[in-house]
Structures are given as structure tokens and as C-alpha cells.
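J.: this one's sequence-less:
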């Protein structure tokens, strides 16, 4: 059975002979009731504080759990972003390699075409040089023949000059 301060104050004892002084008993009971009231108030305050701190602890635990979950999600998202970036980088590198291979192949093809054109131009130049040489040889023979003709027909008869008399 728990006693309340009110029960202590209302408590009355039967009187006997040679019993205790009722004023002293009532005074003591009043003191006990006040002390009990103070202690109960203190216990109630401690219980409120205890509930408050338990609630705070529970809230903190929940926040800690939420933070852990958030950190786990953030780590997962970070890992996914990193994996996506890696895949994208690999894809970009492959695309760049393919583009580079295509450019190199085009350059090789263009180089081959240019070399072919150079070969054709060299052949044309040789042909033109031979034609020019042949033309020069022909002109030289014609010139020599004309010069030979001129030498053989170059006998010019000259008449003596008359003197003028003064």
C-alpha cells in the first residue's frame, strides 16, 4: 500500500492512556507529509526528466538511424554516379578510338590517292620532257639542215664598185 501525503495528514490514532502527545504526533505527521510531498514532487520531476531524456534519446536514435540510412543511400548514389561516369568515359574513349581509326584510315586512303596522282604527274612530266626533247632535237636538225643549205647556197656574187669621179 502506498501512502499519499493527504492520507498521512488525515491519519488519526486512537488515544490510550499514557499515549503520545497528540500535538507532537500531528506535528510530526505534518512534517512527514510535507517531506513526502517534497520527495514525491522530486520523484515526479525526475520521472518527467527521465521521460524527456528517454524521448530525446529515442529521437536521437531515430535521427541517427535516418542519418545512417541517408549516408548509405548517398554512398549508393555516389557509387552509381561513379560507375555511370566510368561507363560513359569508356564509351567516350571507344568512340574516340573509332573516330581516330576512321580518320587514320581516311588519311591512308588520301595518302594513297595522292601518291597515285604524284606517280601520274611524274609519268606525264617524263612524257612531256621526252616530247620536248624530241621537239628540240627535231628543231635542231631542221636548224642544222637550214644552216647547211645556207652554207651551200650562200655564195653571193658581188660586183665591184664604181669610183666616182670628182
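T.: That came in fine, so what should we check first? Please read these numbers as outputs of a predicted model, since none were measured by experiment.
J.: isn't residue 40 right up against residue 3?
T.: No - at 10.0 Å, residue 40 does not count as touching residue 3 under the criterion of Cβ atoms under 8 Å. (C-beta placed from N, C-alpha, C; glycine too.)
J.: what about residue 34, neighbour count?
T.: As a burial measure, residue 34 scores 13 neighbours (other Cβ atoms under 10 Å).
J.: that one: which element?
T.: Taking DSSP states H and E as the criterion, residue 34 maps to helix 22-153.
J.: where are the low-confidence patches of this structure?
T.: Applying pLDDT under 70 to the chain picks out residues 1, 154-160, 163-166.
J.: apply 80 and report the result again.
T.: 1-22, 153-166 (pLDDT under 80).
J.: not counting sequence-adjacent ones, nearest residue to residue 20?
T.: residue 13 (7.7 Å; Cβ to Cβ, 6 or more residues apart in numbering).
J.: quick one on the thing from earlier: tell me which other helices or strands the helix holding residue 34 touches.
T.: Judged by 3 or more Cβ pairs under 8 Å, 6 or more residues apart in numbering; DSSP states H and E, the packing partners of helix 22-153 are helix 5-10.
J.: packing partners of the helix it packs on?
T.: Under the contact criterion of 3+ Cβ pairs under 8 Å, 6+ apart, helix 5-10 touches helix 22-153.
J.: now the helix it packs on: how far from the chain's centre is it?
T.: What separates the centre of helix 22-153 from the centre of its chain is 4 Å, taken as Cα atoms, centre = their mean, to the nearest Å.
J.: could you measure from the residue most central in space within the chain over to residue 76?
T.: Centre of the chain computed as the mean C-alpha position; nearest residue by Cα atoms, centre = their mean is residue 85, 6.8 Å away. Distance, residue 85 to residue 76, using Cβ to Cβ, to the nearest Å: 15 Å.
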